[in-house]
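Visitor: whatever this is, show me its structure:
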Amino acid sequence: MKWIKLNGTYGYEDFINTEFQDFLNSWAINNLYLFDDNGAFRKFCILDNCINFPHQIINYLKQKIIKFEKITDWKPEPIFKDYIGINFKGGSIHTHKDVNDGKYIHTRYNIITSYPEKGGESLYGDYVNVLKEKIVWKCIAGKIPHGSKEVLSDKPRITLSLGFLIRNNE
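Guide: Predicted coordinates:
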């Protein structure tokens, strides 16, 4: 796993292995009936609502993030929790900020399991980031406007998004 600088943020390459990547992509596509429509050409599934999702994977990945990021004071994000989002061809995510909880800042660690050949770039503040598969990147969702550009190819953008409320000690 290698730390990488992105525009306005950072991430880690090879955060997940190919086995996890393939499993998450297959699970998402095979369980589309569990997903809600979240705009044109977009699907969204909060994993707590999916009885057949192996939650031990989420626990493992969250503990890995907590260790690498040295997160000590946090609580689970209660609205979107942990979810998988899929943007198919034509899908994008409008620019927005998420809700904080007092001194606890809504922070998401987004694991890219599928990335389109064209489009799907991440919008983060005033920046655009071209991502790639198997990375995790940090999104301070309660402070920085974020979204994504339209997917322009048949390959979807699939993101496992892990939600934290992390105490801001500033």
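
Visitor: ok, then the element right after the top helix by length along the chain?
Guide: For the chain, the helix that runs over the most residues, judged by DSSP state H, is helix 55-69. Helices and strands here follow DSSP states H and E; after helix 55-69, the next one along the chain is strand 74-76.

Visitor: re the thing from before, same question for the longest helix of the chain: list its buried residues.
Guide: Across helix 55-69, burial judged by 16 or more other CB atoms under 10 Å covers Ile57, Ile58, Leu61, Lys62, Lys64, Ile65, Glu69. C-beta: built from backbone N, CA, C; applies to glycine.

Visitor: can you check stretch 90-102 too?
Guide: For stretch 90-102, the neighbour count (16+ other CB under 10 Å) marks Gly91, Ser92, Ile93, Asp98, Asn100 as buried.

Visitor: what's it in contact with?
Guide: Residues from elsewhere that reach stretch 90-102 (CB atoms under 8 Å, 6 or more residues apart in numbering): 39-42, 75, 78-80, 85, 87, 106, 108, 123, 141-151, 156-157, 165.

Visitor: could the buried residues of stretch 90-102 go into TSV alongside secondary structure?
Guide: Compiled in TSV, these are given as follows (DSSP: H, G, I helix; E, B strand; the rest coil):
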residue	secondary structure
Gly91	coil
Ser92	coil
Ile93	strand
Asp98	coil
Asn100	coil
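
Visitor: what is the burial count for Thr18?
Guide: 10 (other CB atoms under 10 Å).

Visitor: mind listing what it touches?
Guide: Contacts for Thr18 (CB under 8 Å, 6+ apart) come out as Lys134.

Visitor: now for Thr72, how many residues are close by?
Guide: Using other CB under 10 Å, Thr72 has 9 neighbouring residues.

Visitor: now do it against Ile166, distance only.
Guide: Using CB to CB, to the nearest Å, Thr72 is found at 9 Å from Ile166.

Visitor: what's the answer for Asn49, then?
Guide: Asn49 sits 24 Å away from Ile166, going by CB to CB.
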